[in-house]
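S.K.: here are the coordinates; sequence isn't available:
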């Protein structure tokens, strides 16, 4: 018989994998980014801890000249951008909370109601942090993308969302479903069956 914690455990693990992918985004792993800005044959990708060609750091600014645009053309407040990109550290924090939910889920899968309850609580906290991170992602990268698009075709620079935004959304949905599954699983049957001789 499967454990009542199994569906929540699977969903927490799926969210953990997605959030780890987002956490190691550009500049560590160029395949996962929040925003891809292309100028001719050059593409600059933005991630949690930096952008293409930068060193890893918490919080960074977006230099228009790096994107092939005139200085000050994006009209972005560097201090605000630095603070918003600093908040992207919520992705690794959410991944850590998801890992905690997975550990509790493993205890719940071993037929411990307390493990399932703690998995549900950790998944709830991870879902809240992930939803906050997703909201900040969309606000920050939509503003930057729209500023680049407002410059028009004359600059020949395009900006589009990367996959990290959608991976974060998928993790948030998985954690919300893990909360629901964990809540229902907490009411499940945990008593071990006696072996009949």
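M.R.: Perfect, thanks for sending it. Bear in mind the structure is a predicted one, so any value in this text is a computation, not a measurement.
S.K.: not counting sequence-adjacent ones, nearest residue to the most centrally placed residue in the chain?
M.R.: With distances taken as CA atoms, centre = their mean, the residue of the chain nearest its centroid is residue 168 (3.4 Å). Nearest non-adjacent residue to residue 168, counting by CB to CB, 6 or more residues apart in numbering: residue 134, 4.7 Å away. No exception for glycine: its C-beta is placed from N, CA and C like everyone else's.
S.K.: so how far is whichever strand or helix holds that neighbour off the chain centroid?
M.R.: Per DSSP states H and E: residue 134 is located in helix 113-150. Put simply, helix 113-150 sits 6 Å off its chain's centre (CA atoms, centre = their mean, to the nearest Å).
S.K.: give me the mean pLDDT for it.
M.R.: For helix 113-150, the mean per-residue pLDDT is 94.
S.K.: buried ones in it?
M.R.: 113, 115-131, 133-134, 136-137, 140-141, 144-145, 147-148 (16 or more other CB atoms under 10 Å).
S.K.: where does the prediction get shaky in this structure?
M.R.: By pLDDT under 70, the weakly predicted segments of the chain are 1-2, 152-153, 188-197.
S.K.: tell me where it has strands.
M.R.: Ranges of strands in the chain, per DSSP state E, are 35-39, 42-46, 157-161.
S.K.: tell me the angle the second one makes with strand 157-161.
M.R.: Using axes from the mean of the first three to the mean of the last three CA atoms, to 10 degrees, the inter-axis angle of strand 42-46 relative to strand 157-161 is 40 degrees.
S.K.: tell me if I'm right that residue 171 and residue 23 touch.
M.R.: No: using CB atoms under 8 Å, residue 171 is not in contact with residue 23, being 10.5 Å away.
S.K.: neighbour count for those two, which is higher?
M.R.: residue 171 (31 against 24; other CB atoms under 10 Å).
S.K.: relative to residue 143, how far out is the more buried one?
M.R.: Counting by CB to CB, to the nearest Å, the separation of residue 171 from residue 143 is 23 Å.
S.K.: tell me what the helix holding residue 134 is packed against?
M.R.: Applying 3 or more CB pairs under 8 Å, 6 or more residues apart in numbering; DSSP states H and E, one finds that helix 113-150 contacts helix 6-23, strand 35-39, helix 78-86, helix 90-109, strand 157-161, helix 164-186.
S.K.: same thing but 10 Å
M.R.: On a contact count with 3 or more CB pairs under 10 Å, 6 or more residues apart in numbering; DSSP states H and E, helix 113-150 meets helix 6-23, strand 35-39, strand 42-46, helix 78-86, helix 90-109, strand 157-161, helix 164-186.
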